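Enquirer: Predicted coordinates and the sequence they were generated for:
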Amino acid sequence: MSKNGKILVAMSGGIDSSIAAMMLHDQGYEVIGITMKTWDYASSGGSKKETGCCSLDSINDARLLAVNKGFHHMILDIREEFGDFVINNFVDEYLAGRTPNPCVLCNTHIKWEALLKRADMLDCEFIATGHYAQIREEKGRYVVSKGLDENKDQSYVLWGLKQECLKRTKLPIGGYKKTDIRQMAMDNGYEELAKKSESYEICFVPDNDYRGFLKRKVEGLEERVNGGNFTLTDGTIIGKHKGYPFYTIGQRKGLEIALGEPMFVTDINPETNTVIIGKKEDLEQKTTLVSNLNLIKYAAIEDDTLALTKIRYKDKGTMSTLNQDAQGNVEVVFHENVMGVAPGQSAVFYEGNDLIGGGFIRKK
């Protein structure tokens, strides 16, 4: 019998989740590794070889480490539930003129839910992942804070997790730098794992061509949306585009229209199949509205709460003032103009290194 109890560890086959499982095993937990098959890339019609967390090689890598360390490993096929929720949302958001955040949805509604469900079936008290973030209990709440390695911090994609999920979650590598994790792999004889490259692509779009993915998923989409108008911010028509779902707020490259100065996508109107473009300063905003709020550090937001708000994963963040309305939405007033606020993306609020919470950006 283990001294720390049973824990179900999500193992993608990559270095981070593998070392997380190894660390927990060495700490005395009874580890059960689980690799979730979320997506079969061949079924999408893509041309690139399947790589990343859903590939056969990654599954085998996870199983090999489990065998070497002497703990159980299983494979869980969640392609159907993943596809129904995450991929359908991904497509729907682009068709609505927004920029989706599939990793947030997957973490919140698929991976954690699937892990906790199987943890209960296996009598595991805890679950664990290889995310670079930290969890602690404070004043009766479970608080997410940034990972020690600022360059790898993944707290941004965990804003949707509920308290009951955080209570049972361990993030063993959050207090380490990536260089430390690679060294642990080397020290334990896993040189190939230490050298393994990382994927920053969406798992079901591993060729990074989301436009091609949309065309394959939505029959007749290209013909239906091709030929809409490019307009300036004053409504002047300046050309034709290839379809509004194939553009994102802040996009500069690939517009195939020359106006003698750099121009950017500033807005998208799906009802009229219109893509509005403007100058860099036209992307600037002082406020935004955030819906689907989930709070982590506090049970409620007080009036005029100060927070550092990140509007993208790699955004450095901007100081802002938060106020919640009667519908539960949060108005964010930035203390200085921000650029490229994209409906559909996540706005995540920080107090120092701690995650206050987050939600989805919506048009005001």
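Expert: Here it is on my side, so go on.
Enquirer: so where is this protein shaky, pLDDT-wise?
Expert: 1-2, 40-55, 199-200 (pLDDT under 70).
Enquirer: In terms of secondary structure, what does the lengthiest helix in it contact?
Expert: Longest helix of the chain, by residue count under DSSP state H: helix 56-69. Packing partners of helix 56-69 (3 or more CB pairs under 8 Å, 6 or more residues apart in numbering; DSSP states H and E): helix 15-26, strand 30-37, strand 72-77. Quick note: C-beta positions are derived from backbone N, CA and C, even for glycine.
Enquirer: Quick one: closest of those to D123.
Expert: Smallest distance to D123 across the helices and strands packed on helix 56-69 (CB to CB): 9.8 Å, for strand 30-37.
Enquirer: Would you mind pulling the contact partners of that closest one?
Expert: With contacts defined as CB atoms under 8 Å, 6 or more residues apart in numbering, strand 30-37 is touched by 1-2, 4-13, 21, 24-25, 53-54, 58-59, 62-63, 65-66, 69, 71-79, 111, 114-115, 118, 122, 124.
Enquirer: G254: what secondary structure?
Expert: Following DSSP: H, G, I helix; E, B strand; the rest coil, we place G254 in the coil state.
Enquirer: And for it, the neighbour number?
Expert: Neighbours of G254 under the rule other CB atoms under 10 Å: 11.
Enquirer: so how far is K297 from it?
Expert: 40 Å (CB to CB, to the nearest Å).
Enquirer: Quick check: G160 touching N107?
Expert: Yes: at 6.6 Å, G160 counts as touching N107 under the criterion of CB atoms under 8 Å.
Enquirer: re earlier: check the offset of the longest helix of the chain from the chain's centre.
Expert: Distance of helix 56-69 from the chain centroid (CA atoms, centre = their mean, to the nearest Å) equals 25 Å.
Enquirer: the helices in the stretch 201-350 of the chain, which residues?
Expert: Assigned by DSSP state H, counting those that start in this stretch, the stretch 201-350 of the chain shows helices spanning 210-217, 221-225.
Enquirer: quick one, the longest helix of the chain and strand 72-77 angle?
Expert: Here helix 56-69 runs at an angle of 160 degrees relative to strand 72-77 (axes from the mean of the first three to the mean of the last three CA atoms, to 10 degrees).
Enquirer: Need the CA coordinates for helix 56-69. PDB is fine.
Expert: Provided in PDB are the C-alpha atoms of helix 56-69 (Å, rounded to 0.1, in the frame of the first residue of the first chain):
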ATOM      1  CA  LEU A  56       0.900   5.900 -31.600                       C
ATOM      2  CA  ASP A  57       4.500   6.900 -30.800                       C
ATOM      3  CA  SER A  58       3.400   9.100 -28.000                       C
ATOM      4  CA  ILE A  59       1.100   6.400 -26.500                       C
ATOM      5  CA  ASN A  60       3.900   3.900 -26.700                       C
ATOM      6  CA  ASP A  61       6.300   6.300 -25.000                       C
ATOM      7  CA  ALA A  62       3.900   6.800 -22.100                       C
ATOM      8  CA  ARG A  63       3.400   3.100 -21.700                       C
ATOM      9  CA  LEU A  64       7.100   2.400 -21.800                       C
ATOM     10  CA  LEU A  65       7.900   4.800 -19.000                       C
ATOM     11  CA  ALA A  66       5.100   3.200 -16.900                       C
ATOM     12  CA  VAL A  67       6.500  -0.300 -17.500                       C
ATOM     13  CA  ASN A  68      10.000   0.800 -16.600                       C
ATOM     14  CA  LYS A  69       8.800   2.500 -13.400                       C
END
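Enquirer: quick revisit: return a PyMOL selection command for the buried portion of the contacts of strand 30-37.
Expert: This is the PyMOL syntax for the buried subset of these, where burial follows 16 or more other CB atoms under 10 Å:
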select buried, resi 6+7+8+9+10+11+12+13+21+24+25+53+54+58+59+62+63+65+66+69+71+73+74+78+79+111+114+115+118+124
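Enquirer: which of the helices of the stretch 201-350 of the chain sits most buried?
Expert: helix 210-217 (a mean of 18; mean count of other CB atoms under 10 Å).
Enquirer: D123 - how many residues pack around it?
Expert: D123 - counted by other CB under 10 Å - has 11 other residues nearby.
Enquirer: what residues are up against it?
Expert: K6.
Enquirer: Recalculate using a threshold of 10 Å.
Expert: Residues in contact with D123 (CB atoms under 10 Å, 6 or more residues apart in numbering) are G5, K6, L8, E30, I32.
Enquirer: what's the distance between it and E138?
Expert: 28 Å.
Enquirer: just to revisit the earlier point, which neighbours do G160 and N107 share?
Expert: Common neighbours of G160 and N107 (CB under 10 Å, 6+ apart) are N101.
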